[in-house]
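Novice: Have a look at this prediction, sequence included:
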Amino acid sequence: MGKDVIVACDFPNKEQTLAFLEQFTGRKPFVKIGMELFYAEGPDVVREIKARGHKIFLDLKLHDIPNTVKSAMRVLTDLGVDIINVHAAGTKAMMAAALEGLTREDGSRPLLIAVTQLTSTDQKAMEEDLWIEKPLPDVVMHYAQCTKEAGLDGVVCSPLEAKAVHGACGEGFLTVTPGVRFAESAAGDQKRIMTPAQARIEGCDYIVVGRPITRAEDPVAAYERCCREYIGE
């Protein structure tokens, strides 16, 4: 897999999700299925969207004791998604257990990445709410390095940190970056953001874009614009 735009399908049910995807007659966008849709519809919606030809990033951010995460991954790996994630804050032991549970008997598995710090988190929130006093970029880098040491394929980070992550962990270590907005779009609850063009310059491997596409007056045109700015298509 190369650079791509992942569309965050944060809809409350299958009907709205499929109606949105059916607008894309010429191509099959890479989609993110997160907690809202997965908890509402269960694994069957993942299977249906996959059967329609879409690549899927299953964004459930698992974070629990290593054995529980390992067991959950054994179930999720059978859904045939392309990327799945955990929280790096769960420790290297938890991430290694996730990798073990995700790997099938034939050695195949989806890509496994870890969330460093959410793009809605800033330095103030990290210090006051999480009691983490280190500078936010340093925390992201430490979590990324722990993720690599655990054997995972990459991290979820903000586009502001992608270049530094590649510098520390290698160009082959994936950076999946939410917090991408068009220049004129509202930031919403995101704090660490960039435009698609800026994300391309910073070397992000995948960008995750939700509301600027899903809530656009013309979602297909917004998606195509995002691809042009980010990939050059």
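Specialist: Sure thing, it's come through. This structure is a prediction, so every number in the text was calculated from the model and none was measured.
Novice: Now for the spatially closest residue to residue 182 that is not a sequence neighbour: which residues touch it?
Specialist: Spatial nearest neighbour of residue 182, chain neighbours left out: residue 212 (5.3 Å); criterion: CB to CB, 6 or more residues apart in numbering. All C-beta atoms are positioned from the backbone trio N, CA, C, and that covers glycine. Contact analysis of residue 212 by CB atoms under 8 Å, 6 or more residues apart in numbering lists 180, 181, 182, 185, 222, 226.
Novice: So which of these wins on neighbours?
Specialist: The most neighbours of any of the contacts of residue 212, using other CB atoms under 10 Å, belong to residue 180, which has 30 neighbours.
Novice: Quick check: buried residues in whatever helix or strand residue 44 lives in?
Specialist: Residue 44 is located in helix 43-51, with elements delineated by DSSP states H and E. For helix 43-51, the neighbour count (16 or more other CB atoms under 10 Å) marks 45, 46, 49, 50 as buried.
Novice: just stretch 148-156 next, same as before
Specialist: 148, 150, 152, 153, 154, 155, 156.
Novice: Just give me the neighbour total for residue 164.
Specialist: 18.
Novice: what does the one 5 residues further on give?
Specialist: Other residues near residue 169 come to 19 when the count uses other CB under 10 Å.
Novice: Once you drop chain neighbours, what's closest to it?
Specialist: Closest residue in space to residue 169, ignoring its immediate chain neighbours: residue 148 at 4.8 Å, by CB to CB, 6+ apart.
Novice: just checking, what packs against the lengthiest helix in the chain?
Specialist: Ordering each helix of the chain by length in residues (DSSP state H) puts helix 136-149 first. Under the contact criterion of 3 or more CB pairs under 8 Å, 6 or more residues apart in numbering; DSSP states H and E, helix 136-149 touches helix 92-102, strand 111-115, helix 123-128, strand 154-156, helix 162-169.
Novice: Of the ones you listed, give the one that comes closest to residue 16.
Specialist: Closest approach to residue 16 among those is made by strand 154-156 (24.4 Å; CB to CB).
Novice: follow-up on the earlier one: got the buried residues of helix 43-51 as a markdown table, with distance to residue 75 and pLDDT columns?
Specialist: Converted to a markdown table, those look like this (distance: CB to CB, whole Å; pLDDT from 0 to 100):
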| residue | distance to residue 75 | pLDDT |
| --- | --- | --- |
| 45 | 15 | 97 |
| 46 | 12 | 98 |
| 49 | 18 | 98 |
| 50 | 15 | 97 |
